[in-house]
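S.K.: Structure for this input, please:
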Amino acid sequence: MGGNTYMARAQGDDSAWSNTVTAPPKEKSVQEKLRLGYPDLPWLLLAGLVIVILGLVDDVRNLSGKQKLLGQIVAASILLAGGLLIERVECFGWLVGFGWLAYPITLFWFLGAINSLNLLDGIDGLAAMLGIILSCTIAAMSVLTGNYGVAIVAMVFAGSLLGFMRYNFPPASIFLGDTGSMLIGLVVGALAIRGSLKGAGTVLLAAPLAVWTIPIFDSVAAILRRKLTGQSIYATDRGHLHHRLLNLLGSNRKVLGWVAACCAVISVATLAGLIRRDDRITLLTCFAVVAIFVATGAFGRVELLLVGAGLRRVGRMLVAPIISRQPTAWQTSIQLQGMHQWELLWSAFVESADKLRLTEIRLDVHVPTMHEAYHASWERPRRSKNDRCWRVEIPLVINDCPIGRVRISGQRNGQSACLDIQQLMELIEPFEARIQSLAGQPVRGVAGDEAVLDRPDMAGQPKSTCSGTTPK
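M.R.: The predicted model follows:
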């Protein structure tokens, strides 16, 4: 069976007898292994083409975040149409089926993979290096799970990125751009699912999550940081993992080395977990790497403080009416980035809160070019839901460059609204003066370079001189 059959006759015997000899099966070619092991590869190529076209259109027309997200959904939907679905996951021996939820869950995975790699493409060589490490890990993982076709594609993709890395290694002469980083995210995200398939539609949950630990960690932190400080998730900042490590280490190459070391540790743990069939090895290693980043303050601690402040605020709002009839105020201030003493400006508002009968103050400062970010909030529960309150939101600007906003709410004191506004202006006027005094002050950036907010150019677009790379 599976080979050629031959008939043999024994010499010196008149009676003919036959003996069946089965030759060993012919070894399949690489092309045949690829066709049988990755039947939906044409769908991946088509989805990759959509991502490339999306990136080119973005370069020409400068698409918005929502428009790029729509294009990413189209590319991911092509993979879903090709049959690449996370129908079931297995973890710690438990098998969980998703039913019709397999479609949105798989779509969410692809969108997360595309954007997490795109967000990490902030310094030379980082996205390409991650693509190489993840692809090699997926290739080894695919061999362990018997998905040899996926292993071939993963190694080919890793080889192509390795050739590109020669020119993208810092200081880079060729750059990926959004097109390249999104394409890496799409391909590696699809390979991670394919390479961890144990059966039809059954994905070993720990393996793909582990290899994506660093990108997922950075993306979740960015979303939390932006949402909890009142920014859009599409906003740019310099709070990503590579930005924080660059501030600490001062060199792109050192950042690449540390990130590569963390990914290598996680990759080895992932393969060890597959070999030993113990998901605890994989997940505990991932948790340990994330915990080290947070505990040392290298990355993630600020986001954890923001989450904690939000949870405390919710808890106080729920408990305060029960334990006390007198509403008490509480405040939170977090230096997200930089070393400027924003607390001095913040204290001016807090000290005037009682005089102006304020109920809420919120200050958000966001200056990527100066490596500065600050968030503070003060709130006093209203005595009655029927209180008539006023609210003012003021953008903070230095030389026509927006750097943040302050939001103030207060109770009517029974006088004319003009008096309330007049008292508020008396508070805001010295605050704006102190903000303007920051204009033209150099702030030390990465590697000792200086950053200064300048006035807008002739085209009316704000310009700035700063060190480092363009923030994502």
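S.K.: which residues of the chain fall in strands?
M.R.: 5-8, 19-22, 88-91, 94-97, 197-199, 202-204, 330-337, 358-367, 372-379, 389-398, 401-411, 443-444, 450-453, 464-465 (DSSP state E).
S.K.: Any chance of those strands in a markdown table with distance to Ser437 and mean pLDDT as columns?
M.R.: Heads up, the C-betas are built off the backbone N, CA and C, glycines and all. Supplementary listing: those in a markdown table, determined by distance: least, Cβ to Cβ, whole Å; pLDDT from 0 to 100:
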| stretch | distance to Ser437 | mean pLDDT |
| --- | --- | --- |
| strand 5-8 | 93 | 40 |
| strand 19-22 | 90 | 50 |
| strand 88-91 | 56 | 79 |
| strand 94-97 | 58 | 78 |
| strand 197-199 | 61 | 62 |
| strand 202-204 | 56 | 58 |
| strand 330-337 | 19 | 86 |
| strand 358-367 | 14 | 85 |
| strand 372-379 | 14 | 87 |
| strand 389-398 | 9 | 81 |
| strand 401-411 | 13 | 82 |
| strand 443-444 | 13 | 42 |
| strand 450-453 | 12 | 42 |
| strand 464-465 | 18 | 36 |
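S.K.: how about a markdown table for the ones you listed, with distance to Ala158 and mean neighbour count added?
M.R.: Compiled in a markdown table, the strands of the chain are given as follows (distance: least, Cβ to Cβ, whole Å; neighbours: other Cβ atoms under 10 Å):
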| stretch | distance to Ala158 | mean neighbour count |
| --- | --- | --- |
| strand 5-8 | 42 | 10 |
| strand 19-22 | 38 | 10 |
| strand 88-91 | 25 | 18 |
| strand 94-97 | 31 | 10 |
| strand 197-199 | 19 | 15 |
| strand 202-204 | 21 | 22 |
| strand 330-337 | 34 | 18 |
| strand 358-367 | 37 | 22 |
| strand 372-379 | 36 | 23 |
| strand 389-398 | 46 | 14 |
| strand 401-411 | 42 | 19 |
| strand 443-444 | 39 | 17 |
| strand 450-453 | 37 | 18 |
| strand 464-465 | 38 | 14 |
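S.K.: Nearest to Glu432 among these would be which one?
M.R.: Among these, the nearest to Glu432 by Cβ to Cβ is strand 389-398 (8.0 Å).
S.K.: Okay, now the unreliable bits of this protein?
M.R.: Scanning the chain for pLDDT under 70 picks out 1-31, 33-37, 198-205, 319-327, 382-387, 413-417, 434-436, 438-472.
S.K.: Please name the nearest non-neighbouring residue to the residue sitting nearest the centre point of the chain.
M.R.: Geometric centre of the chain, nearest residue: Ser219, 1.7 Å, by Cα atoms, centre = their mean. Among residues not flanking Ser219 along the chain, Ser116 sits closest, at 4.2 Å (Cβ to Cβ, 6 or more residues apart in numbering).
S.K.: Just to check, the one you found is in contact with Val211?
M.R.: No: contact criterion Cβ atoms under 8 Å: Ser116 and Val211 do not qualify, at 11.7 Å.
S.K.: Compare neighbour counts for those two and give me the winner.
M.R.: Per other Cβ atoms under 10 Å, whichever of Ser116 and Val211 has more neighbours is Val211, with 29 against 23.
S.K.: need the contact list for that one.
M.R.: Taking Cβ atoms under 8 Å, 6 or more residues apart in numbering, we find Val211 in contact with 134, 137-138, 141, 192, 266-267, 270.
S.K.: quick one: buried residues of stretch 53-66?
M.R.: Of all the residues in stretch 53-66, those buried under the rule 16 or more other Cβ atoms under 10 Å are 54-55, 58, 63.
S.K.: out of those residues, which one sits closest to Gly159?
M.R.: Nearest to Gly159 among these, counting by Cβ to Cβ, is Gly55 at 21.9 Å.
S.K.: Now do the contacts for the nearest residue to Asp420 once chain neighbours are set aside.
M.R.: Take Asp420 and drop its neighbours on the chain: the residue closest to it by Cβ to Cβ, 6+ apart is Trp390, 6.3 Å away. Counting by Cβ under 8 Å, 6+ apart, Trp390 makes contact with 409-410, 412, 417, 420.
S.K.: which pair in the residues you listed spans the largest distance?
M.R.: The widest separation within the contacts of Trp390 (Cβ to Cβ) is 14.1 Å, between Ser409 and Ala417.
S.K.: Next up, the contacts around the residue nearest to Gly185 when sequence neighbours are not counted.
M.R.: Distances taken as Cβ to Cβ, 6+ apart place Leu117 nearest to Gly185, at 3.4 Å, with adjacent residues excluded. Neighbour list for Leu117: 127, 130-131, 181-182, 184-185, 188, 215 [criterion: Cβ under 8 Å, 6+ apart].
S.K.: Considering those residues, which is situated nearest to Asp364?
M.R.: Nearest member of these to Asp364, counting by Cβ to Cβ, is Pro215, at 26.3 Å.
S.K.: ok, which stretches of the stretch 151-300 of the chain are helices?
M.R.: Assigned by DSSP state H, counting those that start in this stretch, the helices in the stretch 151-300 of the chain fall at 177-195, 206-211, 213-228, 241-249, 252-276, 279-296.
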